[in-house]
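1. Take this sequence and fold it.
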Amino acid sequence: MKKYVKDLTVAEVSFPHEQYVLLKLTDKEPLPETRPGQFVEVKVEGSPRTFLRRPISINYVDREKNLLWLLIKKVGEGTHKLAELKVGERLNVVFPLGNGFSPVQKVGERVLLVGGGVGVAPMLDYGKYLKEQGANPVFLLGARSKNDLLEMDFFKSIAPVYVTTEDGSEGERGFVTQHSVLTQETFDRISVCGPKPMMVSVARYAKQTATPCEVSLENMMACGLGACLCCVEKTIKGNVCVCKEGPVFDVNDLTWEV
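-> Residues are numbered from 1 along each chain as shown. As a prediction, the model looks like this:
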């Protein structure tokens with residue numbers, strides 16, 4: 001897939017949570033084709049200590065309005081600087097990068113999309129894609145509390161949503177792997193993105209139930225092209241660059257102990 005380097009215009013800025021900013025970017029031309037699960041590398045201007053681009057998952061692509069959504073968690077100086085962007089300003093973006101989630105395998109298949117923290121971001125676009133292609137996605141989202149659940153209205157507009165919160169303020173209390181939907185329903189396959197311990201737990205469940213499972217890794221990715229070697233992951237086929245070969249992998253290709 002062809003890569004682009006573009007100065008996209010900030011069309012909308014919102015703050016769904018005190019720790020997050022949602023940027024909606026646009027261009028004079030139609031946005032390039034992207035696949036759910038791919039990511040972008042953004043250049044952070046005005047931050048002297050931010051030398052490298054920052055990798056951000058593609059949250060959603062609105063083709064009708066020609067908008068690319070980036071849901072960004074404010075963690076360090078670079079992401080805090082991105083949260084200061086205003087409507088009308090420009091953001092230099094390299095995209096689309098990486099290999100995304102699997103395409104629809106068969107019409108009517110049930111796909112469980114599990115997200116935790118900022119890992120919920122790529123699940124929105126993937127769920128929309130699955131629904132449009134005739135699959136039946138189901139979301140299982142985990143957070144610390146009700147206030148940490150993001151974009152819930154959008155998720156619910158696409159497919160059924162199950163929730164776990166650590167404090168029990170929304171949905172079932174506990175972690176995603178403890179939700180009752182996992183014992184009450186069956187799925188053709190599972191896709192996961194979130195903190196590694198969560199993904200390992202879901203992968204363990206998938207192995208126990210013989211359910212195909214893929215995970216989206218969040219290794220540090222500075223270049224997005226496989227040149228800097230800072231995102232290397234050990235697999236059964238050897239060491240690979242997550243930004244180029246991933247970020248989505250079949251769990252059977254990883255060396256995780258599940």
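2. now the farthest one out in the protein, which residue is it?
-> In the chain, counting by C-alpha atoms, centre = their mean, residue 48 sits farthest out from the average C-alpha position, at 27.6 Å.
3. That one in helix, strand or coil?
-> With DSSP: H, G, I helix; E, B strand; the rest coil as the basis, the three-state label of residue 48 is coil.
4. Pull up the per-residue confidence for it.
-> Note for residue 48: predicted pLDDT of 74.
5. do residue 218 as well
-> We note a pLDDT of 87 for residue 218 in this prediction.
6. sorry, back to before: distance check, the residue farthest from the centre of the chain against residue 193.
-> Using C-beta to C-beta, to the nearest Å, residue 48 is found at 31 Å from residue 193. The way it works is simple: take the backbone N, C-alpha and C, and place the C-beta from them, glycine included.
7. now residue 258
-> Distance of residue 258 to residue 193, given as C-beta to C-beta: 17 Å.
8. more neighbours, the two?
-> Each of residue 258 and residue 193 has its neighbours counted (other C-beta atoms under 10 Å); residue 193 has more, 29 against 16.
9. quick one: contacts for the more buried one?
-> Contact analysis of residue 193 by C-beta atoms under 8 Å, 6 or more residues apart in numbering lists 57, 114-116, 119-123, 199, 215-216, 218.
10. can you check residue 20 too?
-> Going by C-beta under 8 Å, 6+ apart, residue 20 touches 71-74, 118, 150.
11. Swap in 6 Å and give it another go.
-> residue 73 (C-beta atoms under 6 Å, 6 or more residues apart in numbering).
12. circling back to that earlier point, in CSV, list the contacts of residue 193 along with secondary structure, neighbour count and distance to residue 40.
-> Below are those laid out as CSV (DSSP: H, G, I helix; E, B strand; the rest coil; neighbours: other C-beta atoms under 10 Å; distance: C-beta to C-beta, whole Å):
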residue, secondary structure, neighbour count, distance to residue 40
57, strand, 27, 8
114, strand, 30, 23
115, strand, 27, 18
116, strand, 25, 21
119, helix, 22, 16
120, helix, 26, 17
121, helix, 27, 12
122, helix, 27, 11
123, helix, 31, 17
199, helix, 26, 21
215, strand, 28, 20
216, strand, 28, 14
218, coil, 21, 14
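13. Quick check: pLDDT value at residue 258.
-> As summarised for this prediction, residue 258 has a pLDDT of 84.
14. From residue 108, how far out is it?
-> According to C-beta to C-beta, residue 258 and residue 108 sit 28 Å apart.
15. cool, and residue 223?
-> According to C-beta to C-beta, residue 223 stands 40 Å off from residue 108.
16. okay, the two: which has more neighbours?
-> Using other C-beta under 10 Å as the criterion, residue 223 and residue 108 rank with residue 223 on top: 19 against 9.
17. so where does the more buried one fall, helix or strand?
-> Counting by DSSP states H and E, no helix or strand carries residue 223.
18. those helices in the stretch 1-150 of the chain, which residues are they?
-> Along the stretch 1-150 of the chain, counting by DSSP state H, counting those that start in this stretch, helices occupy 77-82, 121-132.
19. any chance of those helices in a markdown table, with mean pLDDT and distance to residue 248 too?
-> Listed next are the helices of the stretch 1-150 of the chain as a markdown table, based on pLDDT from 0 to 100; distance: least, C-beta to C-beta, whole Å:
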| stretch | mean pLDDT | distance to residue 248 |
| --- | --- | --- |
| helix 77-82 | 93 | 22 |
| helix 121-132 | 98 | 9 |
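20. Highest mean neighbour count out of the ones you listed?
-> Highest mean neighbour count among those (mean count of other C-beta atoms under 10 Å): helix 121-132, with a mean of 23.
21. Buried residues in the longest strand seen in the chain, which are they?
-> For the chain, the strand that runs over the most residues, judged by DSSP state E, is strand 4-17. By neighbour count with 16 or more other C-beta atoms under 10 Å, strand 4-17 contains the buried residues 6, 8, 10-11, 13, 17.
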